[in-house]
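>>> Sequence and predicted structure are below.
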Amino acid sequence: MFPTPPILASALSKISTPFRRSQLGLFHGKTKQYGNNVPHSKHKTRRTWLPNVHTKRLTSDALGHDVKVKLTTRALKTINKHGGVDNYLLRTKPDLLGIEGMRLRILVRERLDVKRAEEEALAQAEAKVQLEKEMKEAKQQRRAKVVHARKLREARQNITGGIFGSMGSSTPPRVNAS
């Protein structure tokens with residue numbers, strides 16, 4: 001398991017709920033229930049009902065490994081409904097999660113923030129490369145337009161020089177080295 005942060009450890013020692021065990025897993029609000037055994041003679045005796053608790057390994061996509069946790073069947077159904085333990089931890093109200101659930105929520109949020117920052121940095125780097133590529137292509141297009149305009153000008157000068165003789169232009173035509 002993961003080390004418990006000091007804040008959560010101090011909060012765990014101050015819990016005074018009747019069913020403290022529910023804070024150590026994902027119980028989704030389920031606690032110990034109290035009632036009476038009532039036989040045919042109507043002589044009532046006190047009894048308790050405990051929640052249906054199982055120990056499961058749940059795969060966390062954000063953390064990248066399995067998380068071993070005690071949980072109730074109600075919490076397991078809700079995890080399936082939300083589409084995984086990460087979504088369950090992020091969407092569920094804090095009072096239904098308990099201390100262990102809040103600890104896991106903090107771990108998942110931190111890991112997702114790190115992944116989001118890495119993705120943003122990668123996207124910025126890709127955008128920068130794309131911008132440089134577009135600028136280079138635009139520069140090549142401008143050069144191609146200049147070369148094309150120069151060739152058209154030279155072609156016009158050659159045509160006017162051939163028709164009118166040397167009177168068409170005052171400058172001699174350019175000789176292209178290539």
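Yes, it's here. Numbering: from 1, shown residues only.
>>> does residue 40 count as helix, strand or coil?
coil (DSSP: H, G, I helix; E, B strand; the rest coil).
>>> Repeat that for residue 56.
Assignment for residue 56 (three-state DSSP): strand.
>>> mind checking pLDDT for it?
Looking at residue 56, its pLDDT reads 94.
>>> what's around it, how many residues?
16 (other CB atoms under 10 Å). Just so you know, the C-beta spots here come from the backbone N, C-alpha and C atoms, and that holds for glycine as well.
>>> same thing with residue 60?
If we define neighbours as other CB under 10 Å, then residue 60 has 18 of them.
>>> cool, and residue 149?
10.
>>> again, but for residue 123
Neighbour number of residue 123 under other CB under 10 Å is 10.
>>> got it, and residue 134?
10.
>>> what secondary structure does it sit in?
Residue 134 is classified as helix under three-state DSSP.
>>> average model confidence for the helix or strand containing residue 161?
Assigned by DSSP states H and E, residue 161 falls within helix 94-164. Across helix 94-164, pLDDT averages out at 90.
>>> which other helices and strands contact it?
With contacts defined as 3 or more CB pairs under 8 Å, 6 or more residues apart in numbering; DSSP states H and E, helix 94-164 has these neighbours: helix 6-13, strand 65-72, helix 85-91.
>>> which of these has the lowest average pLDDT?
It's helix 6-13: among the helices and strands packed on helix 94-164, that one has the lowest mean pLDDT, namely a mean of 59.
>>> Now the helix or strand just after that helix: average pLDDT?
Later in the chain than helix 6-13, the nearest helix or strand by DSSP H and E is strand 33-37. In this model, strand 33-37 carries a mean pLDDT of 95.
>>> partner strands of the helix or strand following strand 33-37, parallel or antiparallel?
Using DSSP H and E, the helix or strand that directly follows strand 33-37 along the chain is strand 45-49. Strand 45-49 has the following strand partners under DSSP bridges: strand 33-37 (antiparallel).
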